[in-house]
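Asker: From the sequence below, what's the structure:
(2 chains)
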Amino acid sequence: MAFWIASSPHNHTQNETSSLMRLVIYATVPGIFAQWYFFGWGNIIHISLAIIAAFIAEFSVLSLRKKKISPELLDGSAILTAVLLGISIPALAPWWISVFGVIFAIVIVKQLYGGLGHNPFNPAMAAYVMLLISFPVQMTLWQPPLSLMAFDLDFENTLTAIFTGFTNDGFSTDQLRLHVDGYTMATPLDTLKTNLTLGLTVSESFKSPIFGQHFGIGWEWINLGFLAGGILLIAKKAIDWVTPVSFLASLFICSLIAFLISPDSSASTMFHWFSGATMLGAFFILTDPVSGATSTKGRIVFAALAGLLVYLIRKFGGYPDAIAFAVLLCNMSAPLIDQYTRPRTYGHQGEMK
Amino acid sequence: MKSIIERIKKGHFWQFHGGIHPPEQKFLTNDKPIRTVELPQELIIPLQQHIGQSGELLIKPGDKVLKGQQLTQFSSPMAVPVHAPTSGLVTAVKPSTIAHPSGLNDLCIFITPDGEDKWQERKSCENFYQLSQHELISKIANAGIAGMGGAGFPTHIKTNTQSSVNYLIINAAECEPYITADDLLIREQSTTIIDGIKILDLLLKPEYILIGIEDNKPEAIKVLKQGTKDIEKIIVCVLPTKYPTGGEKQLIKALTGLEVPSDKLPLSLGIVMQNVATCYAIADAVINDTPLLKRVVTITGQALEKPQNIWALLGTPINYLLAQCGYLINNDKHLIMGGPMMGFSLANDNVPIVKTTNCILAPSEEEISTKTKEVDCIRCGQCADVCPSQLLPQELQWSAKAKDHNQLMKLNLFDCIDCGACAYVCPSQIPLVQYYRVAKAEIRQQQILDLQAEKAKGRFEARKLRLDKEKLAREAKHKKAAEARKAAMNNKTASGKSATSAVAAALARVKAKKLGAKAPQEENIVNVSDITQRTSDLSDKQSQVAIVIAKAKANKEAVKAVNSVANEKNETTTKIVKEKTTKDKALDITLVVEQKKEMTKAATEHSTTPTLAIADDNKEIKRKEAVAKIMAKKKIKKQQEIETK
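Answerer: Got it, this is the predicted structure:
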C-alpha cells in the first residue's frame, strides 16, 4: 500500500502548453486561407516545408542536448514558429528560404538560448529579419494577387517555381511577378513607399490597381483573417487582449497624427491596420509570451512601443513593412519594461524598490 | 468607515486581485446532514494542534479520563490545552504521525474509549452577558479553542486585545473546493454560531460585525440573515464565489477595501477575523462548558461511496472515518487533509483529526491526477494574472530555481499566501508553490545561520578586543618596568656610591675587559643585528617593505659604522688602558661605561634608526627580541594578505 505524496495545489486546470500552441495554430487558418485565396499555393507550400524543417531541426537539437524528445518535439511551439515564418515569406521565394529560415529560428534563436521559454527573441521574426537582410532579392519576391497576374499560377506551377525558380511553362519567378499591365509587382506598402519617394501623393498612388478598392487587394482580407483568428484567441483566453489593443491603438494614434499633419504624404490609419503584417503581428507575434513583457502594464507599454516603432520604420525607415524589426526591438526592451512595471504587491505601499 | 458600511449595505464589495474558479465539487456533500459516527476503537490526540507551544501533560498512561477532562496544561500564553474527547483509558503517550505536511511524528496521547462517554462535571451558563471579560477569555482559553479555519491561532489571544476594533469579520467564505463543513454547520447550528458572535462582540466591542460568505451557499446565507436580522451591528455580506475569497487578507480587501500591510496583523487596521466554526466552539465553551472535543469534517472525493460531513471527535483516525464513508481504493492511496488547493497529502491513514482539520479528500485518479507533466515556463503570465497577492509567480520561480534570495525578497516572496492559484492555472504545470515553499524554508534557514554567524562574529571580535587590550596593557607595563630599571641604573652608575653600583661597576669592568680582548668588529656586528631587530620592534606602524629597506640600509650603515666605531674604539680602549694605571678605579669604570654608551650611540646614529635603551637585563632583551620577531612575522603575513588581495 503506497500513499501518493504531493505538494498543494492538488488540482489543476489541466491546461497544457501544447494545447495552447495548437489553438494558436488553428487560429492562423483564416489568415492562411485568405493568403491562399488571393495569392495561391505559395505560402502553404512554404508553411509545409517549414514545418518539416522545424521538426528535423528540433529533433536534432533536442537529441544533441540530450533532452526528452517527445514532449518537447510535440509541444507545438516549433510548428507554430514554422507556420508564422511560412506565412511571412513571399509566396514565390525559393524553397531553401523557408528551410534555412526555420532552421535558423529553431536552432539558433530558440534552442541555443535554452529552448522553449528561454529565447529572448521571437524565433519566427528573428529568422525573418535574418532572411530579409541576407537574401533581400529572394525576400522581396512578392507576387501580385492572382487576379492581377499576367499568368495562371496553379499548384503545380507554384511548386516548380518554388523549387526550380521556373514554372512548368518556363516562366521565371521574376516574370511571374509581372503585372497584367507589365509592371513589376510589389506589396501595397512597398508601392506606396516608392511612390511617395517619387513625389506622388497618397491619393495619387492609391490609383495603382494593387490597392484595389480599399487598402490592397488580398492584403486587407488577409489582415481580416488574422484579426478573426486573433479575436478567437482572445475569446478562448489564449492571449491577453491588452497587447493587440495597445499595439493597434498606438499604430492608430501615430498614423492619425501624421495623417492630420500631412494627409498627402501619410497613409490613412486604416491602411496601416489592414496592410502588411499588422494583424499577424498584433495577434500572433507580439502576443508571444516568451519574448514579451509579462505584467499587464508591461504589455501595454511593450505593444505601444511596437506600434510606434512599426509606424516610424514604415514611414521613415528603409523597409516597407516593419513588424519584424519592431518586434525584435521590443523583445530587447521587454526585460527592462518588466523591471519597471512590476505590480504593487498586496499590503505594500508605493513602488517597488 | 461610514462610506464602507454604506457600500456594503448596498451589496457593493471590492475586488481583490486575481483569483480563480476551480470546479467547486461541493455538491458531493452539501445536500446531506452532518452525521455523527460511533466511537472509534482508539483516539490519538496530538499534544499540539495549533500554532504555538504544546502544553504540559497532566495525565500518564494507565489513567482513566472523563469526557472533557483536560489532558495538558498551558503555561505559556501561546499554548492551548487538549481534552479527552470521550471517557476511557489512557493507554500510551508516545510519538505518532501527526497531521502535518512533513508527516513527522510528534507526541500523542492514545485513549481507548470505554464506550460510556461519561462527562466530567460541567457548569452551563445561562446568561453569558453576566460574565466578565476575564471570565469569558479564560473559558475560551480553557476550552482549548484555536482558529478552526486552518491556521489554528490560539483564539483567546485573538479575543484579548486592548486596541479598539472597527470590524469583526466572521469568515464563512469557505472558498476551497469540496469543503462544505462550515456551510452545513451554519445551516444546522446557526443559533449557537450567532451566540458565539455575540460573545465575541462582548469581548472585542467592534463597531460592525461583517459575516463574509460566498454566494454558492444560499441556504446558509438565508439562515444567517434570518438569525441576525434583529441585530443592527451584524451585516451578512454575500460575496461572489472566487478562490481564495476565504483568505484572511483577501476577505478583508473584499469586504472593506483595506489591505493589511505586509508583516502586520489585521488588528493594525482595527480588524479581527474569526472563522464560523470557531464561533460555534466559543459558544459551546462559554454556554455549555464544553471544551473543543469535536468538529465537522467534510469527508469527500470520488474515491468514496458516501461522501458526507461528519461530527468527528478530535483524535479520530482518518481510516476510521474513511471506512464510514465507503472508501473504495485499497492500493495507491491518495489522501489529502484539507482542500485540493491548500491541503496536504498524507503519508499514512492513521493520522488523527485535529482542531484545524476541515476536510479529508479522497480523490479518484481521474479527479486529481498524480501524474506531473512539468515543462518549461513560457512566461505566459497567467500566474501573475491570478495571484491574489499581486506577486510575479514566474519571476519568483526563476529566482527560486536560481536560489537568488535577494531577488526573492525584492519580489516579496513572503507575501505569498501559498494559495496555489498560480500553480492551478499554469499551462506548463509547474508546481510553483512547491518552489516557493522550498525557497522560503531555505531563506528562513539562511536567516537563522546568518544570525548565528553574526553572534559568533560578535563573540570573536569581543575576544580579540579583550586580547588586544590585555596585550597593550602588558606592553605598557613592561615598558614602564624597563624604563624604571633604566632610570634606576643610570642613577646608580652616576652616583657610584651604593652597594649595587659596585656590582654594576664590576659588570662594566668585565665587559670592558671583554671589549678589549674580543675582536671589536665581531662584537659590533652582533650589536648592529641587535639594533635592527629592535628597530623592527619599534617601527610598529611601518610596513614590512619599509622594514626590509630599513634593514638593508641598517646593514650597509652598520658595516660603515662598524669600521669607524672599531677604529674609534681601538683608540679609546688603548687610551683607557694607558690611563688605567694612573687614574682612580671608579672614575675609570664610569669612563668605560660612558665610552661604551657613546659607542652604541654612534652605531645607532649611523644606522639612522632609533634604538631602545640598552637594558642590561638579558632576559628582558631576549623576550623583546622574541616579541619583535613574532610581530615581524605577523606583519609579513599581513602584507602578503594585502598583496594577494
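Asker: List, one by one, the residues from the stretch 51-200 of chain A near chain B.
Answerer: A:71-72, A:75, A:77, A:115-118 (Cβ under 8 Å from any Cβ of the partner chain). No exception for glycine: its C-beta is placed from N, CA and C like everyone else's.
Asker: Out of these, name the ones that lie in helices.
Answerer: Using DSSP state H, A:71-72, A:77 are the members of those that sit in helices.
Asker: Give me the number of neighbouring residues for residue 76.
Answerer: All of this refers to chain A. 20 (other Cβ atoms under 10 Å in any protein chain shown).
Asker: could you do chain B instead?
Answerer: 10.
Asker: swap in the one 4 residues further on?
Answerer: Summarising burial for B:Val80: neighbours were counted as other Cβ under 10 Å, giving 30.
Asker: May I have the residues that are in contact with whatever residue of the stretch 1-150 of chain B ends up closest to chain A?
Answerer: Closest residue of the stretch 1-150 of chain B to chain A, Cβ to the nearest Cβ: B:Pro22 (6.0 Å). B:Pro22 is in contact with A:11, A:13, B:177, B:243, B:340-341, B:424, counting by Cβ atoms under 8 Å, 6 or more residues apart in numbering or on different chains.
Asker: Does chain B have contacts with stretch A:314-330?
Answerer: No: with Cβ under 8 Å from any Cβ as the criterion, chain B is not reached by stretch A:314-330; the gap is at least 14.2 Å.
Asker: I'd like the contacts of B:Pro22 laid out as CSV, including secondary structure, pLDDT and distance to A:Ser203.
Answerer: Listed next are these as CSV, based on DSSP: H, G, I helix; E, B strand; the rest coil; pLDDT from 0 to 100; distance: Cβ to Cβ, whole Å:
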residue, secondary structure, pLDDT, distance to A:Ser203
A:Asn11, coil, 83, 60
A:Thr13, coil, 82, 52
B:Pro177, coil, 92, 62
B:Tyr243, strand, 90, 57
B:Pro340, coil, 91, 64
B:Met341, coil, 92, 61
B:Tyr424, helix, 92, 55
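Asker: could you measure A:Cys330 against chain B, distance?
Answerer: 14 Å (Cβ to the nearest Cβ, to the nearest Å).
Asker: Give me the packing partners of the helix or strand encompassing that residue, helices and strands only.
Answerer: Taking DSSP states H and E as the criterion, A:Cys330 maps to helix A:323-340. Judged by 3 or more Cβ pairs under 8 Å, 6 or more residues apart in numbering or on different chains; DSSP states H and E, the packing partners of helix A:323-340 are helix A:123-134, helix A:296-316.
Asker: Save the ones you listed as CSV, and put in mean neighbour count too.
Answerer: Below are the helices and strands packed on helix A:323-340 laid out as CSV (neighbours: other Cβ atoms under 10 Å in any protein chain shown):
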stretch, mean neighbour count
helix A:123-134, 23
helix A:296-316, 22
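Asker: For the residue lying closest to B:Tyr320 once chain neighbours are set aside, give me its contacts.
Answerer: Counting by Cβ to Cβ, 6 or more residues apart in numbering or on different chains, B:Tyr320 lies nearest to B:Pro40, which is 4.3 Å off, once chain neighbours are set aside. B:Pro40 is in contact with B:113, B:313, B:316-317, B:320, counting by Cβ under 8 Å, 6+ apart.
Asker: Ends of stretch B:243-257, what's the gap?
Answerer: 17 Å (Cα to Cα, to the nearest Å).
Asker: Is it in proximity to chain A?
Answerer: Yes: Stretch B:243-257 lies within reach of chain A by Cβ under 8 Å from any Cβ, at B:249, B:253.
Asker: so what does the longest helix belonging to chain A touch, helix or strand wise?
Answerer: Secondary structure of chain A per DSSP H: the longest helix is helix A:42-64. With contacts taken as 3+ Cβ pairs under 8 Å, 6+ apart, helix A:42-64 sits against helix A:29-39, helix A:69-73, helix A:77-88, helix A:95-103, helix A:155-164.
Asker: do you know which of these lies nearest B:Ala628?
Answerer: helix A:69-73 (70.7 Å; Cβ to Cβ).
Asker: List of residues touching that closest one?
Answerer: So helix A:69-73 is contacted by A:55, A:58-59, A:62-63, A:115-116, B:373, B:375 (Cβ under 8 Å, 6+ apart).
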